[in-house]
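Peer 1: kindly return the folded structure for what I paste below:
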Amino acid sequence: MRTDADAFPPRRRWSSRTVTGSAAELHLLDDFADRTLVLRVPSSRAVVLGSAQDASDVDADRAAALGLEVARRRSGGGAVFVDPVDSIWIDAWIPRADPLWVDDVSTSMLWLGRAYAAVLADDVGAGSGIDVATGAFEAGEHGRSICFLSTAPGEVVVRNGALGTDRGGPATGKVVGISQRRDRRGARLQSVLYRRWDPRRWAVFGDAALARALGEVDVHPVDVEPADLIARLVAHLNAAG
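Peer 2: Residues are numbered from 1 along each chain as shown. Take a look at the predicted model:
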């Protein structure tokens, strides 16, 4: 006999946790049972290479002189810089059976980008035109080496014009970078945004063209408290169902 519980199964809920450690330790793939947001706080500044990125992009001696750990993640894209204070690194884990799972990788990060855009709209400012990229991946000349020089569908950007009047205009800065790692168990969507940005702190590229490109990275910082941001994301995602 069917019951009300059968007809209306319990809503999936998001939980959150905070973990600390080196960037290398924090990039180990976690296996959670259900929807989980994880605020990852690195113990020191680090430059994190994408899974397929050439390690020679980074001058190891220069990184050591700047006190930067060099780590590698299992998801794709270019280098990301993480800092205990100046960046916010949040991972979202969903199991493969989750309704949010999308087989098409070109659209599978949109739900997370839309959540970020919703909760950060007031912090970025309506006049900045916060938006979620939905077009094809755009790497440009150096986007495969430096994450914030590329734009992937689902990432959060600001555009020319006020929100709602020119959403189709060109991106003028990336707010949230997102990459993902998928396997038979589920998907781990890794995201980072910056509270403050100074490219001189990340001058680790030996190649002159990459070094110049780093100075041209168009980051749109958002000064929010990490604990407040993850709490807002949990509340928004739980309200959305």
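Peer 1: which phi and psi values does the most centrally placed residue in the chain adopt?
Peer 2: The centre of the chain sits closest to residue 191, judged by Cα atoms, centre = their mean, with a distance of 1.7 Å. When read as degrees, to the nearest 10, the backbone of residue 191 gives phi -130, psi 150.
Peer 1: kindly report the same for the one 4 residues further on.
Peer 2: Main-chain dihedrals, residue 195, degrees, to the nearest 10: phi -80, psi -30.
Peer 1: if we can go back for a sec, give me the nearest residue to the residue nearest to the centre of the chain, chain neighbours excluded.
Peer 2: Among residues not flanking residue 191 along the chain, residue 178 sits closest, at 4.6 Å (Cβ to Cβ, 6 or more residues apart in numbering). In this view, the C-beta of every residue, glycine as well, is placed from N, C-alpha and C.
Peer 1: helices of this protein, start to end?
Peer 2: Ranges of helices within the chain are 4-7, 23-26, 60-65, 110-124, 208-215, 226-240, based on DSSP state H.
Peer 1: how far out from the middle of the chain is the longest strand anywhere in the chain?
Peer 2: Longest strand of the chain, by residue count under DSSP state E: strand 171-182. Chain-centre distance of strand 171-182: 5 Å, with Cα atoms, centre = their mean, to the nearest Å.
Peer 1: where exactly do the strands run in this structure?
Peer 2: Going by DSSP E, the chain shows strands at 15-21, 36-42, 46-49, 69-72, 80-82, 87-95, 130-132, 156-159, 171-182, 186-194.
Peer 1: and the last one, what other elements does it pack with?
Peer 2: Counting contacts by 3 or more Cβ pairs under 8 Å, 6 or more residues apart in numbering; DSSP states H and E, strand 186-194 is packed against strand 87-95, helix 110-124, strand 171-182.
Peer 1: so residue 83 sits against residue 40, correct?
Peer 2: No: assessed by Cβ atoms under 8 Å, residue 83 is found out of contact with residue 40, at 11.9 Å.
Peer 1: returning to what we had before: isn't the residue nearest to residue 191 up against residue 114?
Peer 2: No: using Cβ under 8 Å, residue 178 makes no contact with residue 114, being 11.3 Å away.
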